[in-house]
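Trainee: Just need the structure, nothing else, for what follows:
(2 chains)
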Amino acid sequence: MARTSPTDVPERTLKIVHRQQAVTDAMRFTELVVSHCDKACREAMVLAASELAENVAKYGAQNQDPGAGTISVSVAGNVTRIRATNTVTSPDDAHHVLNIVRRMAAKPSNVAELYRDRLRELFDKPGTSRARLGLLRLAFEGGLRVSASFEPPLLEIVAERACRNG
Amino acid sequence: MQLRTGQLLTIESMQLHLALGELRLSGMLTTASAQAELGRQLAIVHEHVVAQRIPSFVVDIRALSFVNSSAVRLFVNWISWAERARYRLVFLTERNVTWHRLSFSVLKSLSPGTVEINETQRGPEGSA
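Mentor: Got it, this is the predicted structure:
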């Protein structure tokens, strides 16, 4: 049996039901789960909850399927983890996510550069329809390691970081 | 509703206050509807700055504790409008707020001649 710390929190899951409240609900939910963590960790996790819930609400399939959209948060030892799952309406969206994650994973020290490059692209082409900044921001501002998998139609994004108990 | 000088405008959990040569933003921006409305108001402020020929406009975000990435994009857009219209944007930021410290240094790099960052740091009792 795995040893657990007294501050471990087993994974807790929020189902995204009301799209308009998805972000606010996910932020509150996450804030509660990581309330004992240090400030930087709490801020990073709440940022992740906001960005991931917004993606689920924007790009996720609109149905009542239990796998349609969830945000799950857990704490194990000194690692906090947030996981978003949803079925996607367009596989292209999922492939964009995988592409961004691949670029971040290829050279984690380059995250700042990737974020700057994306802001530069948006600056040079203000008409670009989607900002696609969220995952880059998690890594750049939140210091989160982001991974993703796509088993059509289910997209899963995981973001995690080390934290100290507050 | 349109933001006017001296008035306080509330967009969900965010407040905007336009003063002479300065816009103060506070609270949080988390929803797509608030982001759309903020985008509309920033376009109005930009037109005001251009019409009044204000050479340097202050945006005080020290009390803006959280925004989503869509709102970061609104600041990108505003910087590009300001660059084209040749006025400066002076952002007052708070060092203790992570997204201010990290994202605004990158935003400045988009147009160093247009963007100025004045960073303050609150003391233990919240005073600058």
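Trainee: tell me the contacts of the residue in chain B that chain A sits nearest to?
Mentor: Going by Cβ to the nearest Cβ, chain A is nearest to B:S69 of chain B, at 3.9 Å. (C-beta placed from N, C-alpha, C; glycine too.) Contact partners of B:S69, counting by Cβ atoms under 8 Å, 6 or more residues apart in numbering or on different chains, are A:51, A:131, A:133-134, A:137.
Trainee: what about 10 Å?
Mentor: With contact taken as Cβ atoms under 10 Å, 6 or more residues apart in numbering or on different chains, B:S69 is in contact with A:47, A:50-51, A:54-55, A:115, A:118, A:131-138, A:141, B:35, B:99, B:103.
Trainee: ok, now A:H18?
Mentor: A:24-25, A:57.
Trainee: Among the residues you listed, which ones lie close to chain B?
Mentor: A:24, A:57 (Cβ under 10 Å from any Cβ of the partner chain).
Trainee: Save the contacts of A:H18 as TSV, and put in pLDDT too.
Mentor: Shown next, in TSV, are the contacts of A:H18 (pLDDT from 0 to 100):
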residue	pLDDT
A:T24	91
A:D25	92
A:A57	85
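Trainee: Quick check, the residue in chain A closest to chain B?
Mentor: A:L133 (3.9 Å).
Trainee: give the contact list for that residue.
Mentor: Contacts of A:L133 by Cβ under 10 Å, 6+ apart are A:51, A:100, A:115, A:118-119, A:122, A:140, B:68-73, B:76, B:103.
Trainee: neighbour-wise, which of the contacts of A:H18 leads?
Mentor: The most crowded member of those, judged by other Cβ atoms under 10 Å in any protein chain shown, is A:A57 (21 neighbours).
Trainee: Now do it against B:H100, distance only.
Mentor: A:A57 sits 26 Å away from B:H100 when distances are taken as Cβ to Cβ, to the nearest Å.
Trainee: the longest helix in chain A is where?
Mentor: In chain A, assigned by DSSP state H, the helix with the most residues is helix A:39-59.
Trainee: right, and the helix or strand after that one?
Mentor: Remark: after helix A:39-59, the chain's next helix or strand is strand A:69-76, criterion DSSP states H and E.
Trainee: That following strand relative to helix A:39-59, how many degrees between them?
Mentor: Angle between the axes of strand A:69-76 and helix A:39-59 is 160 degrees (criterion: axes from the mean of the first three to the mean of the last three Cα atoms, to 10 degrees).
Trainee: could you pull out the strands for chain B?
Mentor: For chain B, applying DSSP state E gives strands covering B:8-11, B:14-19, B:22-29, B:56-67, B:88-94, B:115-120.
Trainee: Turn these into JSON lines, columns for distance to A:H18.
Mentor: Rendered in JSON lines, the data for the strands of chain B read as follows (distance: least, Cβ to Cβ, whole Å):
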{"stretch": "strand B:8-11", "distance to A:H18": "20"}
{"stretch": "strand B:14-19", "distance to A:H18": "20"}
{"stretch": "strand B:22-29", "distance to A:H18": "19"}
{"stretch": "strand B:56-67", "distance to A:H18": "20"}
{"stretch": "strand B:88-94", "distance to A:H18": "32"}
{"stretch": "strand B:115-120", "distance to A:H18": "38"}
